[in-house]
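Q: Got a predicted model here, sequence first, then my questions.
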Amino acid sequence: MRCTSARGGNGNFVGLTKTRCACLRLLRDLLSDSTGALRPAVVPIVDALATSQPYSVLLWLRGAPPRRVLTAIAAADGLITHALLDGLDYPQAVSQLRATLVAHRVLPDRDEHPAAIEQWLGPFLDRIDDGAERKIVRGFVTWHHLRRLRRGFPQRRSTLEQAVVVKRETSCRCAPAGLAPH
């Protein structure tokens, strides 16, 4: 996306156009490499954010976490995927970026609650000493809970309450059976 703004009589950008150009310039600065070039994989991110509400994007980018997320994406190799975003810090900034990228069809839609349970499950399982017990718990969560939560997506999404119940039930069932203390 290029900034092709009309300039006012005094040479300054006019109104909303100025905001769009400032947004685009900042996005390009954050997502470009050391030579100033954009990787082809990040161009859809620039396009999606630059065509959103530019003032809102600029306000969002005032915070350090969104800028750090975009800088980490610029430094990453490969395509922009849910897995790449899942591995980044600053969950609130990542969540906002993910929602924008899904809305602009840069990323496919997904049910976020099962994905969050999968992210929670790895560290939870690391706290279980017995390897056989870990395997049982992973199977229980995957084939009992996650399968049920994913059934019917995208017509029916899981809820936060369902995700909380899965975590609580898994934690309660595992606590007496070999869960290592924190």
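A: Sure, I can see it. Residues are numbered from 1 along each chain as shown.

Q: and after the helix or strand hosting G139, which helix or strand comes next?
A: Following DSSP states H and E, one finds G139 within helix 131-140. Next along the chain after helix 131-140, taking DSSP H and E as the criterion, comes helix 147-150.

Q: Quick check: buried residues in that following helix?
A: The neighbour-count criterion (16 or more other Cβ atoms under 10 Å) identifies L149 as the buried residues of helix 147-150. To be clear about C-beta, it is placed using only N, CA and C from the backbone, and glycine gets the same treatment.

Q: quick one, helices of the protein?
A: According to DSSP state H, the chain carries its helices in the segments 15-31, 43-50, 54-61, 64-75, 82-86, 91-103, 112-126, 131-140, 147-150, 160-174.

Q: show me what contacts T100?
A: Shown in contact with T100 (Cβ atoms under 8 Å, 6 or more residues apart in numbering): 48-49, 52.

Q: Out of the residues you listed, which is nearest to V102?
A: Set against V102, the nearest of the contacts of T100 by Cβ to Cβ is A48 (9.5 Å).

Q: Could you check the pLDDT of that closest one?
A: As summarised for this prediction, A48 has a pLDDT of 95.

Q: Can you get me a residue count around it?
A: Number of residues near A48 (other Cβ atoms under 10 Å) recorded here: 21.

Q: these two touch, right, it and L101?
A: Yes. A48 is within contact range of L101, at 5.7 Å (criterion: Cβ atoms under 8 Å).

Q: ok so, going back, okay if I get the contacts of T100 as TSV plus distance to E161?
A: Below are those laid out as TSV (distance: Cβ to Cβ, whole Å):
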residue	distance to E161
A48	30
L49	31
S52	30
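
Q: if we take those, which one ends up nearest to E118?
A: Among those, A48 lies closest to E118 (Cβ to Cβ), at 24.9 Å.

Q: Distance-wise, check that closest one relative to S171.
A: Going from A48 to S171 by Cβ to Cβ, to the nearest Å gives 37 Å.
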